[in-house]
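A.B. asks: sequence first, predicted coordinates after that:
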Amino acid sequence: MAGKKLRCRLGVHKWVLHHEPESGTRFYQCAHCGKDRSPDGALPPIGMG
Ligand SMILES: [Zn+2]
């Protein structure tokens, strides 16, 4: 990877919902930098664009 996107550096990640079939765990992961985020707590604002 060439590094984080500018948006990621600014703390604006592109959160995509993933889930693990084995454990049933769902979590958000940034499509750009791969940062994961726990589903617990406040969900990040997700833009459609
Ligand atoms: Zn990111």
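C.D. replies: It's in. The structure presented is a predicted model; accordingly, all values stated were derived computationally and were not measured. Numbering: from 1, shown residues only.
A.B. asks: please verify my assumption that K5 contacts C33.
C.D. replies: Yes: using C-beta atoms under 8 Å, K5 is in contact with C33, at 6.5 Å. C-betas here are computed from N, CA, C, even on glycine.
A.B. asks: show me which residues of this structure sit near the ion.
C.D. replies: Remark: the part of the chain in contact with the ion comprises C8, H13, C30, H32, C33, K35, using C-beta under 5 Å from the ion.
A.B. asks: which of those count as buried?
C.D. replies: Neighbour-count burial (16 or more other C-beta atoms under 10 Å) is assigned, among those, to C8, H13, C30, H32, C33.
A.B. asks: so R7, which state does it fall into?
C.D. replies: Secondary structure assignment for R7 (DSSP: H, G, I helix; E, B strand; the rest coil): helix.
A.B. asks: pretty sure it contacts A31?
C.D. replies: No: contact criterion C-beta under 8 Å: R7 and A31 do not qualify, at 10.7 Å.
A.B. asks: identify the contacts common to these two.
C.D. replies: Shared contacts of R7 and A31, defined by C-beta atoms under 8 Å, 6 or more residues apart in numbering, comprise K14.
A.B. asks: contacting residues for H18?
C.D. replies: By C-beta under 8 Å, 6+ apart, H18 lies in contact with R26, F27, Y28, Q29.
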